[in-house]
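Peer 1: no sequence on this one, just coordinates:
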């Protein structure tokens, strides 16, 4: 008599069922996942503990002088959308805002905008630098020319990332 691999009851060689084998495989995979997640102390735990420091500059255009005065060195800066800490103000500079003004002959001249200022904030941040990308607090991506809406304890405004060091 010839033995079949799977008999009419669905058992391999008449001993163990396919469902039993499937359950054992699922339990082995789950056990391996739990071990890797909680008991392997290798590179994942080391990478999570390391924070990279970097600085970047935000350009805030055409704001009132009171906004400039409300920004202080040492203040923490947070993203307006989700409240994530994105840095600490390490330097502030201000200059009169410049814009195009029309002349009577239809041409334009580049001149100061009345009662408006351009502010440059330098932020020191900690987070992660990975594959040339910068992440403040390890989750907030900082890229040049991106718009940043943020707040401090005295001010809420927005600007554009100018440079990243």
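Peer 2: Sure, I can see it. Note that this is a predicted model, so its numbers are computed, not measured.
Peer 1: low-confidence stretches in the chain?
Peer 2: Where the chain drops to pLDDT under 70, the residues are 1-3, 40-49.
Peer 1: check the burial of residue 135 by counting its neighbours.
Peer 2: Residue 135 has 18 neighbours, counted by other Cβ atoms under 10 Å. For every residue, glycine as well, the C-beta is placed using N, CA and C.
Peer 1: hmm, residue 141 and it touching each other?
Peer 2: Yes: assessed by Cβ atoms under 8 Å, residue 135 is found in contact with residue 141 at 5.5 Å.
Peer 1: which residues of this protein fall in strands?
Peer 2: Assigned by DSSP state E, the strands in the chain fall at 11-12, 16-17, 52-63, 76-79, 85-102, 108-130, 133-136, 140-142, 147-151, 156-164.
Peer 1: what lines up beside the second one in the sheet?
Peer 2: This points to strand 16-17. Paired neighbours of strand 16-17 in the sheet (DSSP bridges): strand 11-12 (antiparallel).
Peer 1: contacts for the strand it pairs with, please.
Peer 2: With Cβ atoms under 8 Å, 6 or more residues apart in numbering as the test, strand 11-12 has contacts from 5, 6, 17, 18, 21.
Peer 1: just the ones of these in helices?
Peer 2: Per DSSP state H, helices hold the following members of the contacts of strand 11-12: 18, 21.
Peer 1: top of the contacts of strand 11-12 by neighbour count?
Peer 2: Greatest neighbour count in the contacts of strand 11-12, by other Cβ under 10 Å, goes to residue 17: 14 neighbours.
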